[in-house]
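In: Pasting the sequence and the predicted model now:
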Amino acid sequence: MTSATENEGVGYIKFVGSAVEDGSIGADAAGNSLLALDELIRYFNRRQSKGFSSIPYEITVETHKGSWEVVILGGVGIFAAAYIKKAAEKMAENDFGDVGFKDVIRKSLRAIKKLIDLAKHTKGRFDFSTSDLSWRIAEGVVGIENDEGETMYIPLEYFQWYIGMPRNSLKKLTHPIQQNRSLIVASQREGKIEETLITTEEKVYFGHDSVINDEELLFPELEHGAIVELEGRLTRGNENTNSIGFEYSGHILNCVPEVGSIIQFKPALFLRCRIVATVTRLLKHTEADRRPTLILRYVTPLETDDQLGLFSG
């Protein structure tokens with residue numbers, strides 16, 4: 001990935017998949033992930049030095065076609081200008097010696113990336129017993145065995161950091177993952193970028209309930225963002241919520257007009273009609289809704305009726 005290098009980055013997170021091809025993502029989802037990233041970086045920085053906890057961070061957000069990406073910058077450029085001198089003095093006073101800001105942030109990103117690898121290795125299990133662990137003190141690593149008998153080795157220092165750390169930040173970081181939107185977390189190591197991918201199926205390892213799969217979705221063929229043409233019957237509407245029902249294949253789907261009020265659809269109420277609509281499964285959530293909502297563009301009655309409909313009386 002060139003963007004991290006060009007921006008002197010030490011790592012990045014990005015969401016990839018067909019649900020984010022235009023580089024856009026919901027503000028709530030993006031905000032929660034950024035807050036979680038900030039919390040995780042701060043946590044691992046504090047584990048490297050308690051004096052690091054008071055230094056403010058700036059995280060540069062860059063959007064690229066085909067993904068939504070946050071590049072984490074290294075060096076003094078990540079700090080507010082007013083704090084640079086003070087931060088440098090703190091670094092000199094404490095544990096770092098010749099180690100610079102960029103090295104600290106880089107190490108924190110590697111710890112985050114390795115933590116994600118560990119969560120995937122153990123399928124979200126962090127309550128290790130002594131029988132799960134293989135100590136190699138001389139090498140500075142500890143091996144962690146999963147339920148399949150496979151052993152993953154991580155730095156002993158990282159393992160000590162992981163014990164007792166709050167898991168909520170990982171849950172917030174991975175919250176926007178959904179069907180067709182996966183998360184990549186990358187860190188820099190010896191000049192190379194190492195990535196780990198978290199898919200929809202793996203989201204459960206980070207504190208989430210099992211993700212709805214295609215078989216559990218109502219009308220999975222009605223994909224989020226698709227423009228569809230359907231035949232059915234408009235049912236009772238609600239002027240307060242500006243929504244109207246659409247009876248389709250034995251189910252009532254909630255519809256909202258793309259523009260204006262549902263009053264415009266009064267002539268088609270209770271009639272069989274053809275609609276053109278945009279499908280959304282993210283009306284109120286960052287995770288895919290089981291039942292799609294239709295954003296109505298056009299409604300064409302396929303029959304006539306002289307009834308007045310809901311909106312009178």
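Out: Great, that's in hand.
In: Counting neighbours, what do you get for Ile41?
Out: Per other C-beta atoms under 10 Å, the neighbour tally for Ile41 reads 22. Just so you know, the C-beta spots here come from the backbone N, C-alpha and C atoms, and that holds for glycine as well.
In: does Ala30 sit in a helix or strand, and which one?
Out: helix 27-48 (DSSP states H and E).
In: Using PDB, list the CA coordinates for that helix.
Out: Extracted C-alpha coordinates of helix 27-48, given in PDB (Å, rounded to 0.1, in the frame of the first residue of the first chain):
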ATOM      1  CA  ALA A  27     -20.600   9.000  10.000                       C
ATOM      2  CA  ASP A  28     -21.500   7.100  13.100                       C
ATOM      3  CA  ALA A  29     -19.600   4.000  12.000                       C
ATOM      4  CA  ALA A  30     -16.600   6.000  11.000                       C
ATOM      5  CA  GLY A  31     -16.600   8.000  14.200                       C
ATOM      6  CA  ASN A  32     -16.900   5.000  16.400                       C
ATOM      7  CA  SER A  33     -14.000   3.200  14.600                       C
ATOM      8  CA  LEU A  34     -11.800   6.300  14.900                       C
ATOM      9  CA  LEU A  35     -12.600   6.700  18.600                       C
ATOM     10  CA  ALA A  36     -11.700   3.000  19.100                       C
ATOM     11  CA  LEU A  37      -8.500   3.400  17.200                       C
ATOM     12  CA  ASP A  38      -7.500   6.300  19.300                       C
ATOM     13  CA  GLU A  39      -8.400   4.400  22.500                       C
ATOM     14  CA  LEU A  40      -6.300   1.400  21.500                       C
ATOM     15  CA  ILE A  41      -3.300   3.500  20.400                       C
ATOM     16  CA  ARG A  42      -3.400   5.400  23.700                       C
ATOM     17  CA  TYR A  43      -3.700   2.200  25.700                       C
ATOM     18  CA  PHE A  44      -0.600   0.600  24.200                       C
ATOM     19  CA  ASN A  45       1.300   3.900  24.400                       C
ATOM     20  CA  ARG A  46       0.600   4.000  28.100                       C
ATOM     21  CA  ARG A  47       1.800   0.400  28.500                       C
ATOM     22  CA  GLN A  48       5.100   1.500  26.900                       C
END
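In: Please spell out which residues along that helix are buried.
Out: Buried residues in helix 27-48, counting neighbours by 16 or more other C-beta atoms under 10 Å, are found at 29-30, 32-34, 36-45, 47-48.
In: ok, which stretches of the protein are helices?
Out: In the chain, the segments counted as helices under DSSP state H are 2-6, 27-48, 84-93, 101-122, 156-162, 168-174.
In: could those go into CSV alongside mean pLDDT?
Out: Formatted as CSV, the helices of the chain follow (pLDDT from 0 to 100):
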stretch, mean pLDDT
helix 2-6, 40
helix 27-48, 85
helix 84-93, 52
helix 101-122, 90
helix 156-162, 93
helix 168-174, 91
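In: which one of those helices lies closest to Glu195?
Out: With C-beta to C-beta, the closest approach to Glu195 among the helices of the chain belongs to helix 101-122: 8.0 Å.
In: other SSEs contacting the longest strand anywhere in the chain?
Out: Taking DSSP state E as the criterion, the chain has its longest strand at strand 227-238. Judged by 3 or more C-beta pairs under 8 Å, 6 or more residues apart in numbering; DSSP states H and E, strand 227-238 is in contact with strand 243-248, strand 272-280, strand 293-301.
In: Tell me the buried residues in that strand?
Out: Buried residues in strand 227-238 (16+ other C-beta under 10 Å): 228, 230, 232-234, 237.
In: now do stretch 181-188
Out: For stretch 181-188, by 16+ other C-beta under 10 Å, it's 181-188.
In: how does the chain divide into domains?
Out: 2-206, 227-301 (automatic domain parsing).
In: still on that earlier bit, for the buried residues of strand 227-238, give me JSON lines that also has distance to Glu195 and pLDDT.
Out: Listed next are these as JSON lines, based on distance: C-beta to C-beta, whole Å; pLDDT from 0 to 100:
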{"residue": "Val228", "distance to Glu195": "35", "pLDDT": "96"}
{"residue": "Leu230", "distance to Glu195": "40", "pLDDT": "96"}
{"residue": "Gly232", "distance to Glu195": "44", "pLDDT": "92"}
{"residue": "Arg233", "distance to Glu195": "49", "pLDDT": "90"}
{"residue": "Leu234", "distance to Glu195": "48", "pLDDT": "91"}
{"residue": "Gly237", "distance to Glu195": "48", "pLDDT": "83"}
